[in-house]
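Engineer: model the structure of this input:
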Amino acid sequence: MTLTTDTDGPITVPPGLRNVVVTSTEIGDVRGSEGFYHYRQYSAVDLARGRTFEDVWFLFVEGRLPTPAEARRFTGEVAPLRVLPDELREVLPAIAAAGERLQPLMALRTALSLIGSARDVPPLWDADAATRRENALLVCAVTPTVLAALHRLRSGLEPLEPRADLSAAANWIFMVTGSVPPPRHAAAVEKYLVATIDHGFNASTFTSRVVASTGADVVSAVVAAIGAFSGPLHGGAPDRALAGLDEIGTPDRIDEWVRARVLAHDRIMGFGHAVYRTDDPRSLMLREVAAELGGELADFAMTVERRVVEILAELKPERRLYANVEFYAGVVMELCGIPRSMFTPTFAVSRVVGWTANVLEQATERRIIRPAARYVGPPAPEPVPAA
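Structural biologist: Numbering: from 1, shown residues only. Just a heads-up that it's a prediction; the model follows:
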């Protein structure tokens, strides 16, 4: 469905398109004032607590939760798609060798582009629904394998093949670390993955839909989304939030550190959200996960969170901020043995499912997204001066 207005002239909207409705979706929604978000008709947090990543992936693809038989078939369908394509396996070492100049998400963009070219993935405009679905599943399934392989190659290690007997979360930890995780670590990361599949029309999701609206292929839309996602104001924050805990170091330094940043108007990474005006439900769930995992880091993070909220309420009572998903995401991943350089890639492993779901939905629209801009430069036309 396309939303229309009663005028063909320009419409002034808030900066950043805040609260501007640009389309309709059946995928999910974020209700910021309530601290609630959902995937289709289900609470996303309830899904994270009670269903597997594959079950929720099926929900995004098919529009309903699977029966046990459907879940088994779907798992069997995506398992072979996790394996690195031969055409990529040959060049992946060269991509990894680009070193620090090519960060994990940049390398992922390059790898996915190669897959799209090698597989001759057709434009959405020309593909039927079955082909779009097939290509979307391929991108989602192979993304964690590519990211893990790049990480291991850069670390001087051989990439590991995905295992059909492991869940998506356990496979991810295994392919990154080389060890099959204990069940509680796999369960913790799975909750995180499910909780971060989708989150409304955030910057990367909107980017994927803009590209999809042109009729471009699935891979191009996802590659564009990854570019938006890599920014520190979006998916690039979990490791920065944990770095803040490192800077504080000990409980006796919390107040000094927080007050200094608030008074200097510095951003405290891991706090505040563009939509939520109350607790981020993802953060609340991941706090529970961190507490279940236990340990000094989890205890310290909860102490820091409490003091940041209290000090912000004291110094900036007009602007209440709460911990967002990145704050406890970093804590949970650290406790589960995922290297910090792979925090944001872990986020991408789940969000690619949300991106592709939005791409497939946008592909049914058959109309390009083409906003306008208000020109504020020098008046035109002016005579062109002679050379």
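Engineer: which phi and psi does residue 336 have?
Structural biologist: The phi and psi values for residue 336, taken as degrees, to the nearest 10, are phi -100, psi 10.
Engineer: any idea of the pLDDT on it?
Structural biologist: At residue 336, the model reports a pLDDT of 97.
Engineer: I figured it was touching residue 190, is that so?
Structural biologist: No: look at residue 336 against residue 190 with Cβ atoms under 8 Å: they stay out of range, at 10.3 Å. C-beta: built from backbone N, CA, C; applies to glycine.
Engineer: mind listing what's buried along stretch 285-295?
Structural biologist: Buried residues in stretch 285-295, counted by 16 or more other Cβ atoms under 10 Å: 285-287, 289-290, 293.
Engineer: ok, and what's touching that stretch?
Structural biologist: With contact meaning Cβ atoms under 8 Å, 6 or more residues apart in numbering, stretch 285-295 is reached by 45, 48-49, 184-185, 188, 191-192, 195, 297-298, 301-302, 305, 323, 325, 328-329, 331-332, 335-336.
Engineer: mind running it again at 6 Å?
Structural biologist: Residues outside stretch 285-295 that contact it (Cβ atoms under 6 Å, 6 or more residues apart in numbering): 45, 188, 191, 298, 328, 331-332, 335.
Engineer: excluding sequence neighbours, find me the nearest residue to residue 43.
Structural biologist: Take residue 43 and drop its neighbours on the chain: the residue closest to it by Cβ to Cβ, 6 or more residues apart in numbering is residue 36, 7.1 Å away.
Engineer: in the sheet, who's paired with that neighbour?
Structural biologist: In this entry, residue 36 is beta-bridged to residue 31, by DSSP bridges.
Engineer: the bottom helix or strand of the protein by mean pLDDT?
Structural biologist: Across the helices and strands of the chain, mean pLDDT, DSSP states H and E gives its lowest value to helix 238-248, namely a mean of 83.
Engineer: which neighbouring elements make contact with that helix?
Structural biologist: Applying 3 or more Cβ pairs under 6 Å, 6 or more residues apart in numbering; DSSP states H and E, one finds that helix 238-248 contacts helix 325-335.
Engineer: helices and strands around the lengthiest helix in the chain, which ones?
Structural biologist: Assignment by DSSP state H gives helix 129-154 as the longest helix of the chain. Contacts defined by 3+ Cβ pairs under 6 Å, 6+ apart place helix 129-154 against helix 92-96, helix 104-118, helix 168-177, helix 218-229, helix 343-363.
Engineer: looking at those, which is nearest to residue 162?
Structural biologist: Counting by Cβ to Cβ, residue 162 lies closest to helix 168-177 out of these; the figure is 5.1 Å.
Engineer: got the contact list for that closest one?
Structural biologist: Residues contacting helix 168-177 (Cβ under 6 Å, 6+ apart): 53, 144, 148, 151, 160, 162, 166, 180-181, 186, 189-190, 193, 337, 342, 349.
Engineer: rewinding a little: tell me the one of the buried residues of stretch 285-295 nearest residue 318?
Structural biologist: Distance to residue 318 across the buried residues of stretch 285-295 (Cβ to Cβ) is lowest for residue 287, with 25.5 Å.
Engineer: run through the stretch 51-200 of the chain and note the low-pLDDT ranges.
Structural biologist: Under the criterion pLDDT under 70, the flagged ranges of the stretch 51-200 of the chain are 99-102.
Engineer: 90 - rerun?
Structural biologist: Scanning the stretch 51-200 of the chain for pLDDT under 90 picks out the ranges 85-87, 90, 97-104, 118.
Engineer: distance of the residue nearest to residue 333 when sequence neighbours are not counted from residue 96?
Structural biologist: Counting by Cβ to Cβ, 6+ apart, residue 343 is the residue found nearest to residue 333 once chain neighbours are left out, at 5.4 Å. Residue 343 is 18 Å from residue 96, where distance means Cβ to Cβ, to the nearest Å.
Engineer: could you dump the contacts of stretch 285-295 into a markdown table and include distance to residue 378?
Structural biologist: Shown next, in a markdown table, are these (distance: Cβ to Cβ, whole Å):
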| residue | distance to residue 378 |
| --- | --- |
| 45 | 51 |
| 188 | 56 |
| 191 | 54 |
| 298 | 57 |
| 328 | 49 |
| 331 | 51 |
| 332 | 52 |
| 335 | 56 |
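Engineer: give me the buried entries from those residues.
Structural biologist: Neighbour counting with 16+ other Cβ under 10 Å marks 45, 188, 191, 298, 328, 331-332, 335 as buried within the contacts of stretch 285-295.
Engineer: one step back: so the longest helix of the chain versus helix 104-118, what angle?
Structural biologist: For helix 129-154 against helix 104-118, the angle by axes from the mean of the first three to the mean of the last three Cα atoms, to 10 degrees is 130 degrees.
Engineer: I'd like the numbering to begin with 49 instead of 1 from here.
Structural biologist: With 49 as the first residue, the last one maps to helix 177-202.
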